[in-house]
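Q: Need a 3D model of the sequence below.
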Amino acid sequence: MKRTKEEALVTKQSLLSAALKVFSKKGYSATRLEDIALEAGVTRGAIYHHFGGKEALFRELVTERSTGVNQLAENIVNEGGSPATILRRLLVRTFEYAEEDEDYRAMLEIATEKVEFTNDLEDFARQNIRGRRALIRFLTNLVREGIKTGEFRADLPVKDAAITVAGFLNGVGLLWVQDPDSFSIRRRSEAMVDVMMGGLLA
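A: Below you'll find the predicted structure:
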């Protein structure tokens, strides 16, 4: 039984890796389950067994390949520090991680450039919205705390500031994903974040 579970896990990871490669090449809509199965060296039935279909496989791929950056963010918060320190560290390290982790970078490119939001991706679209709202709630609390501690400007409109930070994070990331040869998001991370932080700090 143990061996069977281990084999199933290996097959599932193989399918996720294969899906990442095929989605990167063809995009979501043009990818067929047969393409992924062929890349993984298994039958199409294995995909149905482990995921149920293409949309569920895609959602799990995005979730699984985002685990690292989510863990990074959790670790940064747990490291502690003032609100400004946490925010700066979070932004800088997220940008650095995007360039350092090839699978995460590929997943970002697929999710932003190679997905057409058809009806079968409604759940994925809702998942994205929930994620963005959670990010803005977190940033809102962080900005509010920073104002209380005197690090951030007292006249900051809290929600607007949080939305602006989220827009900066996603916007710079999108610019880089669309044209990674134009600049290194890792090397420029600290300078870009300091420019943005300048508008928040007291």
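
Q: what about the residue positioned nearest the centre of the chain, distance to Glu122?
A: Geometric centre of the chain, nearest residue: Ser66, 5.1 Å, by C-alpha atoms, centre = their mean. Computed as C-beta to C-beta, to the nearest Å, the Ser66 to Glu122 distance reads 19 Å. No exception for glycine: its C-beta is placed from N, CA and C like everyone else's.

Q: got it, and Asp101?
A: For Asp101, the distance to Glu122 - C-beta to C-beta - is 28 Å.

Q: now swap in Thr43 and tell me
A: Distance from Thr43 to Glu122, by C-beta to C-beta: 28 Å.

Q: how about low-confidence regions in the protein?
A: Scanning the chain for pLDDT under 70 picks out the ranges 1-3.

Q: Tell me which other helices or strands the longest helix along it touches.
A: In the chain, taking DSSP state H as the definition, the longest helix is helix 122-149. Under the contact criterion of 3 or more C-beta pairs under 8 Å, 6 or more residues apart in numbering; DSSP states H and E, helix 122-149 touches helix 54-65, helix 83-100, helix 158-178.

Q: domains for the protein, by residue range?
A: Per automatic domain parsing, the structural domains of the chain span 2-57, 66-197.

Q: what's the offset of the longest one from the middle of its chain?
A: What it means is domain 66-197. Distance of domain 66-197 from its chain centroid, counting by C-alpha atoms, centre = their mean, to the nearest Å, is 8 Å.

Q: So Asp101 and Glu122 - more neighbours on which side?
A: Asp101 (16 against 11; other C-beta atoms under 10 Å).

Q: Name all residues that make contact with the more buried one.
A: Contacts here follow C-beta atoms under 8 Å, 6 or more residues apart in numbering; on that basis Asp101 touches 68-69.

Q: Now do the phi/psi pair for it.
A: Note on Asp101: backbone dihedrals following degrees, to the nearest 10 are phi -100, psi 110.
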